[in-house]
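K.L.:
the following comprises the amino acid sequence and a computationally predicted model.
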2 protein chains.
Amino acid sequence: MNRLLADLRIVEFSAFVAAPLGGMTMAQLGAEVIRIDPIGGAIDYNRWPVTKDGASLYWAGLNKAKRSVALALDKPEGREIARSIAAAPGPGGGIVLTNLPPLPGLDYAGLREKRDDVILLRLLGNRDGSAAVDYTVNAASGFPLVTGNNGSGGGPVNHVLPAWDIAAGLYLATALLAAERHRARTGGGQEVVAALSDVMLAVVGHLGYVGDVHINGQARPAIGNDLYGSFGRDFGTADGRQVMIIALTPRQWRALGRATGLADKLAMVGEMLEVDLETESGRYEARDAIAALLARWCAGKTLAEIQAAFAGTGVLWGPFQDFVELVRGDPRCSPANPLFAEVEQPGIGRYPMPGLPLDFSAAPGEATRPAPRLGEHPRQALSEVLGLSDGDIARLHDSGIAAGLNGS
Amino acid sequence: MNRLLADLRIVEFSAFVAAPLGGMTMAQLGAEVIRIDPIGGAIDYNRWPVTKDGASLYWAGLNKAKRSVALALDKPEGREIARSIAAAPGPGGGIVLTNLPPLPGLDYAGLREKRDDVILLRLLGNRDGSAAVDYTVNAASGFPLVTGNNGSGGGPVNHVLPAWDIAAGLYLATALLAAERHRARTGGGQEVVAALSDVMLAVVGHLGYVGDVHINGQARPAIGNDLYGSFGRDFGTADGRQVMIIALTPRQWRALGRATGLADKLAMVGEMLEVDLETESGRYEARDAIAALLARWCAGKTLAEIQAAFAGTGVLWGPFQDFVELVRGDPRCSPANPLFAEVEQPGIGRYPMPGLPLDFSAAPGEATRPAPRLGEHPRQALSEVLGLSDGDIARLHDSGIAAGLNGS
């Protein structure tokens, strides 16, 4: 975290991954991010993984460093307060981020009535407004049918990482800063609209797969864990682990031959198959023969022995690890890495939380802050942002328009 | 594309996905992005998918709308010209984006000698400077061991989408605008450093999986294509297709019961297993019994019949499609969607290319521009940016320091 965007206030109406990640990225850059939820929480408030008591580690993870206000968004008065917070004055205010259908008065026209230069960033499912989520967008993307060995006949394999949501959230973060830059220079606000399916389509196109079908009349096959168009594959070790070994560049390829002592035998593969193993396409064509040699080499060594053999050689490789091995055994996933800090998360406990994976030399890093408790910050939003008195705030609580902690 | 960032000039030393995507996002927002490559191209210049003639559809996809300058970066004079372009004066210049090891003189100190307020954004593999790529970072992430049915014993399943590279590229885009905002306000440049492995670790933490191990002492299992903690799964149709059906919310759950006519039978599942199917955890616990009913229903219908049954019902679902079905059959992946335009890509041909998946109401959309040919723009960079004369430029060509098209 840092304070680069400390002069900005962003109001979020959101759920799940995309908009929460976009907003959290702004919060980790120092912006005041107020997430406004219905009393009791939005549809992502109990999302798994959860603790034994049902507290969502997912929600906590995606809402770190934000403020939380819970309002009766099903009532006109609750929505009007939300609108006032979203469109409150001040040069850094009036920025709204959402991936939910707009509530009455909280669409661009409604917000603009309150503040002409408001910036509204909206993520839709599909461009036409129909629903789409990471699971459906991914199904349409083509990737599940070329993932894993299952891909070639055994059916689709979904990614577990919600990659499209993550890309969409970071596109929104970029868009927010581009729109705010425009406002700072021209005085004008705007509505920025993105569709999750368009994020997927853009990335599929950027990677060349749309052109592949149009120009070549074909699509890449499912090839398990092999790297498409060069050499890379997973191998088992003598102690039951797996490693990924890759040779994208000629330098990595030569390093692999030297470090394994297989250079001569690998050269025989090239002769035998009459391909130039110094080229990516040559290594791809010869991948099964290359892998046969490497598989035997890896199977005769433990992970530790492979690590020792590859250390300092320039071989591009890495072990597979499960979440437990990552968290318990990989020092990069611990406070030994400045990315992480032990943080006390209210309602959950103390554990290492990642900050922003960006270090700015001109903005000193600050401690990562936990996620708020739901409805933790009515006073800050209602008093600091709207200027309401203690009496006003008490009345809103008593009438059930604004909830405090635990819905009270 | 639009012209929001038309006053910025960004110089890119890059390869593969992350920095090229970050730079291209800036170019699609109107910035002048000059990618400087070694003569003959960088290590990604022939990356697959390629055309029959070996032209990279991948490189074209990730470098759209940029300018290309090819310089003898292995020679001091070539590097000095690169440094001059990178650190050229002007309020929107002096922004450098890279995911390659710095060449002599092109690190932050070297650039700063030329321009005190330079902004350098650098993506490393690991924070300690050691190599890591999407394949190794993904292996370490925990995800391949919970992906697919293979995950539970059959070995890791890699994602095919380079998701970590994509996230890193979009984090860099966000960081660039945050650093440029800081410079516009304070006059100060800076170095921004990110590590690909930190991007992975941050996202694993954000999604709750680090907390899951620390707080619950466990990690989520591999569950094939099932949605973790709610209901979602893939089903086969009577005509050999697959669909993804999801019920994240009570509304989606009820819509699914109504649209399939299975509401009564699904209620029996709840009674039978004594779980509340209105809750996400209840649906997750009962997922196999729910799926047994839905599998029979889907197996008796073609994709078109399922589409008809679900249209307008609020059921959250979508068909799986391969790249060919996506490109040939999905209107969202065609110029019927304003995201796409038919563009003539030099050296490849004409095909639909995606623009920026963000629509800004205050910035009119412009036509998507193709990727440059390698070394297409020496004149723009050398003359417009550096002010060199035609004679100077001719001399640089003759001495092999700057290449034109086709390395000439």
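P.N.:
Yep, it's here.
K.L.:
where does the stretch 51-200 of chain A have low pLDDT?
P.N.:
Where the stretch 51-200 of chain A drops to pLDDT under 70, the residues are A:150-153.
K.L.:
so where do the strands sit in it?
P.N.:
Along the stretch 51-200 of chain A, the stretches classed as strands by DSSP state E, counting those that start in this stretch are A:67-71, A:95-98, A:119-124, A:190-195.
K.L.:
right, so of those, which gets closest to chain B?
P.N.:
In terms of Cβ to the nearest Cβ, the element of those nearest to chain B is strand A:190-195, at 3.6 Å. The way it works is simple: take the backbone N, C-alpha and C, and place the C-beta from them, glycine included.
K.L.:
any part of that closest one near chain B?
P.N.:
Yes - under the criterion of Cβ under 8 Å from any Cβ of the partner chain, chain B is reached by strand A:190-195 at A:190-195.
K.L.:
off-centre distance for that strand?
P.N.:
19 Å (Cα atoms, centre = their mean, to the nearest Å).
K.L.:
with stretch A:206-225 instead?
P.N.:
The chain centroid and the centroid of stretch A:206-225 are separated by 25 Å, computed with Cα atoms, centre = their mean.
K.L.:
quick one: buried residues of that stretch?
P.N.:
Neighbour counts over stretch A:206-225 (16 or more other Cβ atoms under 10 Å in any protein chain shown) mark A:206-215, A:219-220, A:222-225 as buried.
K.L.:
likewise for stretch A:260-267?
P.N.:
Using 16+ other Cβ under 10 Å as the test for burial, stretch A:260-267 gives A:260, A:262, A:265-266.
K.L.:
residue in the stretch 201-350 of chain A nearest to chain B?
P.N.:
residue A:229 (2.7 Å).
K.L.:
ok, the residue most central in space within chain A - contacts?
P.N.:
In chain A, the residue lying closest to the centroid (Cα atoms, centre = their mean) is residue A:166, at 3.2 Å. By Cβ atoms under 8 Å, 6 or more residues apart in numbering or on different chains, residue A:166 lies in contact with A:17-18, A:21, B:163, B:166-167, B:203.
K.L.:
any idea which of those is the one closest to residue A:96?
P.N.:
Distance ranking of the contacts of residue A:166 against residue A:96, using Cβ to Cβ, places residue A:18 first at 14.7 Å.
K.L.:
the closest one: neighbour count?
P.N.:
28 (other Cβ atoms under 10 Å in any protein chain shown).
K.L.:
tell me the contacts of it?
P.N.:
A:99, A:123, A:165-166, A:168-169, A:172, A:196.
K.L.:
list the buried residues of the longest helix along chain A.
P.N.:
Secondary structure of chain A per DSSP state H: the longest helix is helix A:163-186. By 16+ other Cβ under 10 Å, the buried positions in helix A:163-186 come out as A:163-183.
K.L.:
export it as PDB, just CAs?
P.N.:
In PDB, the C-alpha atoms belonging to helix A:163-186 read as follows (Å, rounded to 0.1, in the frame of the first residue of the first chain):
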ATOM      1  CA  ALA A 163      -9.000 -15.100 -14.700                       C
ATOM      2  CA  TRP A 164     -11.500 -13.100 -16.700                       C
ATOM      3  CA  ASP A 165     -12.800 -11.400 -13.500                       C
ATOM      4  CA  ILE A 166      -9.300 -10.500 -12.500                       C
ATOM      5  CA  ALA A 167      -8.500  -9.100 -15.900                       C
ATOM      6  CA  ALA A 168     -11.800  -7.100 -15.900                       C
ATOM      7  CA  GLY A 169     -11.000  -5.700 -12.400                       C
ATOM      8  CA  LEU A 170      -7.600  -4.500 -13.500                       C
ATOM      9  CA  TYR A 171      -9.000  -3.000 -16.800                       C
ATOM     10  CA  LEU A 172     -11.400  -1.100 -14.600                       C
ATOM     11  CA  ALA A 173      -8.600   0.200 -12.400                       C
ATOM     12  CA  THR A 174      -6.800   1.400 -15.600                       C
ATOM     13  CA  ALA A 175     -10.000   2.900 -16.900                       C
ATOM     14  CA  LEU A 176     -10.700   4.700 -13.700                       C
ATOM     15  CA  LEU A 177      -7.300   6.500 -13.700                       C
ATOM     16  CA  ALA A 178      -7.700   7.300 -17.400                       C
ATOM     17  CA  ALA A 179     -11.100   8.900 -16.800                       C
ATOM     18  CA  GLU A 180     -10.000  10.700 -13.700                       C
ATOM     19  CA  ARG A 181      -7.000  12.100 -15.700                       C
ATOM     20  CA  HIS A 182      -9.400  13.300 -18.300                       C
ATOM     21  CA  ARG A 183     -11.600  15.000 -15.700                       C
ATOM     22  CA  ALA A 184      -8.600  16.700 -14.000                       C
ATOM     23  CA  ARG A 185      -7.700  18.200 -17.400                       C
ATOM     24  CA  THR A 186     -11.000  19.000 -18.900                       C
END
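K.L.:
would you list the contacts of residue A:166 in CSV and tack on distance to residue A:297?
P.N.:
Formatted as CSV, the contacts of residue A:166 follow (distance: Cβ to Cβ, whole Å):
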residue, distance to residue A:297
A:17, 40
A:18, 43
A:21, 41
B:163, 29
B:166, 33
B:167, 33
B:203, 33
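K.L.:
for those residues, which one is nearest residue B:39?
P.N.:
Of these, the one sitting nearest to residue B:39 (Cβ to Cβ) turns out to be residue B:166, at 28.7 Å.
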